[in-house]
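Trainee: Any chance you could fold what I've pasted below:
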Amino acid sequence: FLSIHYTANIELAFKSIEYIMRDVPNGWLIRYIHANGASMFFIVIYGHVCRGLYYGSYINPRQLLWCSGVVLLFLMMATAFTGYVLPWGQMSLWGATVITSMVTVIPVAGKYILQWLWGGYTIKNPTLVRFYTLHFVLPFLIAGFTLIHIALLHKVGSSSPVKSNNGLDDVPFYPYYVSKDLFAFSVYFLFFAFFVLYYPTFLNHPVNYIPANPMRTPAHVVPEWYFLPYYAILRSIPHKTGGILAMLGSLLVLFLIPFISTSEPKNTTDRPIFKIFFFFFISDILVLTWVGQKSVRDAYILTGQVATIYYFFFFMVMISAAGIIENCIIAFKIYKCDKAKISAMEDDLKHLYSAPIYMFYYKYIKYNPVAFFVIWGFTGFFMVYYGYYCRELEYLIASELPNLIALQENIRQLSNEVIQLKNL
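Mentor: Now for the predicted structure:
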């Protein structure tokens with residue numbers, strides 16, 4: 001609908017947006033739904049990424065599933081960026097200028113790639129036409145990769161927040177998940193409608209409501225809010241090439257997570273060390289978002305540098321280090337638990353085999369002086385013999401206990417393999 005009335009021309013693009021807003025019936029509603037829908041979409045996407053990090057959706061066997069999701073994230077960012085240029089306001093023009101100029105850091109070929117993107121030596125009408133074409137084509141690529149993402153999801157299955165991967169606790173999708181998702185969608189739709197109907201321009205920059213002017217640079221060039229963390233990383237490094245590489249690395253590092261993870265537990269609920277650093281990471285993202293919209297000052301630059309260091313520290317160090325430490329803790333706990341289980345079994349055997357004798361003693365002997373002298377010798381002899389026999393039985397069970405544990409582990413592995421074969 002919007003593409004019918006939009007004109008991809010630097011002289012008419014801004015006016016065509018005004019025409020949609022003012023003259024087209026309900027054009028303002030459709031345009032605000034489209035503009036705010038991008039923000040709502042990225043709220044869902046970032047929440048989905050954080051959920052995947054929390055529940056270990058990148059751990060074997062879901063590496064390809066995670067990587068396909070990262071590719072989708074790149075395509076969505078490209079679509080959002082090209083769409084931000086189309087209104088051809090001040091932020092559209094200068095945002096396109098800043099972002100496209102980053103390719104000049106590529107040795108030798110960077111200048112020619114920039115001219116190819118611009119369609120000339122400056123941002124002109126061919127640039128806007130190319131961005132409009134990309135914005136129209138990229139959603140079809142997103143739809144194709146979404147099918148691949150869903151196919152990979154059905155192949156390996158989704159991660160379970162309740163830590164049930166054996167299929168025993170599964171429930172039908174209808175009506176349980178249908179009703180749950182409909183309720184969540186209804187609440188989110190009200191949240192979306194609140195911005196569209198009451199604060200439609202809250203998430204957009206006011207400078208972008210000024211027609212693009214290549215002769216006048218805005219005092220502070222700021223991208224959309226969902227790009228602010230990466231923009232803060234870009235600004236935190238004073239060197240141009242270093243800042244661009246850091247910004248790209250902050251996204252490309254997501255591809256490495258499945259291959260550098262060392263954790264045995266998948267769910268962060270079972271990972272006390274990683275959980276602490278994960279919530280620090282969420283706070284770090286919020287700090288980067290806040291810094292990205294601030295002006296260039298020493299205090300904000302220093303804060304951004306610290307937040308950038310922690311961002312890469314979390315992905316490059318803690319993903320691996322926390323897993324190694326937690327695996328060692330788990331192994332130590334299992335060792336102590338096994339020793340405690342063996343000791344508890346021995347105590348249970350003692351009480352089990354000795355209970356009848358102690359009951360007979362307290363009932364008939366201890367409080368009967370005559371019977372005490374008559375029966376004590378026989379009871380002592382019987383207890384010694386019975387204790388010796390129980391000790392031999394305990395040694396026999398303790399010697400066979402490792403074999404029983406190994407047999408139990410083999411049965412568990414066979415049951416998992418059966419479940420996987422059933423899923424195939």
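
Trainee: Name the residues of stretch 95-113 that come out as buried.
Mentor: 95-97, 99-104 (16 or more other CB atoms under 10 Å). Glycine gets a C-beta too; all of them are placed from N, C-alpha and C.

Trainee: So which of those are in helices?
Mentor: Of the positions in the buried residues of stretch 95-113, 95-97, 99-100 sit in helices, assigned by DSSP state H.

Trainee: pLDDT and distance to residue 116 for these - can I get that in JSON lines?
Mentor: Below are these laid out as JSON lines (pLDDT from 0 to 100; distance: CB to CB, whole Å):
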{"residue": "95", "pLDDT": "89", "distance to residue 116": "19"}
{"residue": "96", "pLDDT": "90", "distance to residue 116": "14"}
{"residue": "97", "pLDDT": "90", "distance to residue 116": "15"}
{"residue": "99", "pLDDT": "89", "distance to residue 116": "15"}
{"residue": "100", "pLDDT": "90", "distance to residue 116": "10"}
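
Trainee: hmm, back to that, could you save the buried residues of stretch 95-113 as a markdown table and add columns showing distance to residue 85?
Mentor: Formatted as a markdown table, the buried residues of stretch 95-113 follow (distance: CB to CB, whole Å):
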| residue | distance to residue 85 |
| --- | --- |
| 95 | 7 |
| 96 | 5 |
| 97 | 10 |
| 99 | 9 |
| 100 | 9 |
| 101 | 14 |
| 102 | 15 |
| 103 | 15 |
| 104 | 18 |
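
Trainee: and which of those residues is nearest to residue 328?
Mentor: Using CB to CB, residue 102 comes nearest to residue 328 of the buried residues of stretch 95-113, at 42.5 Å.

Trainee: which regions of the stretch 101-250 of the chain sit below the pLDDT cut-off?
Mentor: 160-170 (pLDDT under 70).

Trainee: Quick check: residue 274 touching residue 323?
Mentor: Yes. Between residue 274 and residue 323 there is a contact under CB atoms under 8 Å: 7.3 Å.

Trainee: Identify the farthest-apart pair in the ones in helices among the buried residues of stretch 95-113.
Mentor: Maximum pairwise distance among these (CB to CB): 9.3 Å, between 95 and 100.

Trainee: per-residue confidence for residue 92?
Mentor: What the model reports as pLDDT for residue 92 is 90.

Trainee: So what does it look like in phi/psi?
Mentor: phi -60, psi -50 (degrees, to the nearest 10).

Trainee: Name the nearest residue to it, sequence neighbours excluded.
Mentor: residue 85 (4.8 Å; CB to CB, 6 or more residues apart in numbering).

Trainee: now the one you found: how far from residue 101?
Mentor: Applying CB to CB, to the nearest Å, the value for residue 85 to residue 101 is 14 Å.

Trainee: on that earlier part again, which two in the buried residues of stretch 95-113 are spaced the farthest apart?
Mentor: 95 and 104 (16.3 Å).

Trainee: and residue 71, that's in a helix?
Mentor: Yes. Counting by DSSP: H, G, I helix; E, B strand; the rest coil, residue 71 is part of a helix.

Trainee: my guess is it contacts residue 142, does it?
Mentor: No. Contact criterion CB under 8 Å: residue 71 and residue 142 do not qualify, at 9.6 Å.

Trainee: Quick one: residues contacting residue 210.
Mentor: Counting by CB atoms under 8 Å, 6 or more residues apart in numbering, residue 210 touches 89-90.
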